[in-house]
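>>> only geometry, no sequence info:
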């Protein structure tokens, strides 16, 4: 019902004339069935009619308007025709209340827009998203989605108060509104999350716009009762048809890309990328010892493994390690001596201060066969439990 109501209000605000408005309403009826007639009368007159009566009256109102146009020899709007028909209706229990044009604007604003930021709200965005994706699918055009999240927004609220937090969201929304193109759809998705829909836009061009928004927000001067503070955003990008073919999956992948941006240290924009794991991976939480290779008396680090496979291991460490670094890892797979693994750092992602996820591919050299067998046996035993 809310979807039908929103569609009616949107058609009323966008239709160029009454004939277009009527055609749009008939399209809504075709899409949702005669139950839409009941909602049409609710929106336009505040009348509560049974579905069948509403469908009957809708047909009569359209016919009545044409009769009025013929008799008066001039155009007659839908609302005057509706009012005239209901006023002369034999159903004396009907007491219509015709909605003024200015009231429509207020109702539409409250139905489709977020009250704090003045961007579109989530229900309206979901509806427009489906429509734009259908058009992109029909005409074989690109469409990109940018999911944005304010970094550490809880700290803004906790430090400066919720009123400052609200002002921050309004300022961010204003930048998004200023930077987006007329064809783009910007919405507040919830809390400190925003989403931007970019029709006819492939991921590279979407990234350029996303970066422009990110930089402007990073450079934004903010002040809370004389105390300056900074905010940044992270964003995830996904595109149709490259990443997904339906709206729900595309938004999910943009959200997944957002988590990559957060893990890469925040204040960044990330593309969605598929996982390309070659080996079975299992959870494996154990303390590990990390040491640089090729340096005499190099320092050792204490870390915690997170998951492991034959081809590599993911562990958490308090210090970042450079991509490409060669390291030795002591992994307590057996009770007696730890298994010593040699490999290369291929991934470093910060998920909070002094906490890094580090991915290492394993190169066993002469230990290759033995080590692979050890890990394979461990994986087998784990899965058998």
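It's in. From a predicted model like this one, the values you see are computed outputs, not experimental measurements.

>>> which residue of this structure lies farthest from its centroid?
No residue in the chain sits farther from the centre than residue 71, which is 52.8 Å out by CA atoms, centre = their mean.

>>> tell me the pLDDT at that residue?
Looking at residue 71, its pLDDT is 85.

>>> would you say residue 154 is within a helix?
Yes: under DSSP: H, G, I helix; E, B strand; the rest coil, residue 154 falls within a helix.

>>> related to what we said a few turns ago, now tell me what touches the helix or strand where the residue farthest from the centre of the chain lies from outside.
For residue 71, the host element (DSSP states H and E) is helix 51-72. Applying CB atoms under 8 Å, 6 or more residues apart in numbering, the external contacts of helix 51-72 come out as 22, 29, 34-35, 37-38, 40-41, 49, 75-76, 78, 80-82, 84-85, 89. For glycine as for every other residue, the C-beta is placed from the backbone atoms N, C-alpha and C.

>>> give me that answer again for 6 Å
34-35, 37-38, 41, 76, 81-82, 85 (CB atoms under 6 Å, 6 or more residues apart in numbering).

>>> just the ones of those residues in strands?
Among the contacts of helix 51-72, no member falls in strands (criterion: DSSP state E).

>>> of the residues you listed, just the buried ones, PyMOL syntax please.
Entered in PyMOL, the line below selects the buried ones among those, by 16 or more other CB atoms under 10 Å:
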select buried, resi 37+38+41+76+81+82+85
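
>>> for the chain, which strand is longest?
strand 339-352.

>>> check which helices and strands that strand sits against.
Under the contact criterion of 3 or more CB pairs under 6 Å, 6 or more residues apart in numbering; DSSP states H and E, the helices and strands touching strand 339-352 comprise strand 326-331, strand 355-362.

>>> sheet partners, orientation included, of the last one?
What it means is strand 355-362. If you go by DSSP bridges, strand 355-362 pairs up with strand 312-317 (antiparallel), strand 339-352 (antiparallel).

>>> so which bits of that strand are buried?
So strand 355-362, judged by 16+ other CB under 10 Å, has buried residues 356, 358-360, 362.

>>> one step back: let me have the contacts of helix 51-72 in a markdown table, extended by distance to residue 327 and pLDDT.
As requested, the contacts of helix 51-72 are exported to a markdown table (distance: CB to CB, whole Å; pLDDT from 0 to 100):
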| residue | distance to residue 327 | pLDDT |
| --- | --- | --- |
| 34 | 69 | 90 |
| 35 | 65 | 90 |
| 37 | 70 | 92 |
| 38 | 68 | 90 |
| 41 | 72 | 86 |
| 76 | 81 | 86 |
| 81 | 79 | 84 |
| 82 | 76 | 83 |
| 85 | 81 | 82 |
